[in-house]
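Trainee: Fold the following.
(one chain, ligands or ions: 1)
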Amino acid sequence: MLVKKYQDVPEEKIETEGAKGAWIRWLVSDKEKAPCFAMRQFRLEKGGYTPLHTHDWEHEMYVLEGKGVAISQDGEKPLSPGVFMYIAPGEKHQFKNLGEGELHFLCMIPLPGRCSSGPKEEAGKENCQKKSSSC
Ligand SMILES: [Zn+2]
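Mentor: As a prediction, the model looks like this:
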């Protein structure tokens, strides 16, 4: 069993175009030999956001801390601790921190090549994970 704190995992800046003040930690992924899913923790600085984007795999998300907004074709929905989200494959999405502090949330995705709608393994794991790290 793996039991750690999120601070034990190195944080990487999201450099994708359209992102600002956005950071990711891959808490669980194929590095830990997880067969199917990755759990990532995102941190948006004050005024930060992820890029507006879409892809073929889903996101399952949970807000831990802060205040913000989730943007999709359905409009804007407020984010606060305890809110969870399901982003369907192909649905446009973006997350913005509108609070005075940081916005922290978890985002689970299928690992590359492990789900028919997931990131494709043959495209190169590094690239897939880079792409999906934009959340
Ligand atoms: Zn996404």
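
Trainee: in this structure, which spans are strands?
Mentor: Applying DSSP state E to the chain gives strands spanning 12-13, 20-28, 37-49, 59-65, 68-72, 75-79, 84-87, 94-97, 103-110.

Trainee: Quick check: mean pLDDT of the shortest one?
Mentor: It stands for strand 12-13. Mean per-residue pLDDT for strand 12-13: 98.

Trainee: same question, the longest one
Mentor: Computed over strand 37-49, the mean pLDDT rounds to 97.

Trainee: ok and that strand relative to strand 103-110, angle-wise?
Mentor: Using axes from the mean of the first three to the mean of the last three CA atoms, to 10 degrees, the inter-axis angle of strand 37-49 relative to strand 103-110 is 140 degrees.

Trainee: and what of the fifth one?
Mentor: Between strand 68-72 and strand 103-110, the angle formed by their directions is 40 degrees, by the same axes, to 10 degrees.

Trainee: angle of strand 68-72 against strand 59-65?
Mentor: Using the same axes, to 10 degrees, one finds that strand 68-72 and strand 59-65 are set 160 degrees apart in direction.

Trainee: same check, this time on the longest one
Mentor: Here strand 37-49 runs at 60 degrees with respect to strand 59-65, directions being taken by the same axes, to 10 degrees.

Trainee: Cheers, nothing more for now.
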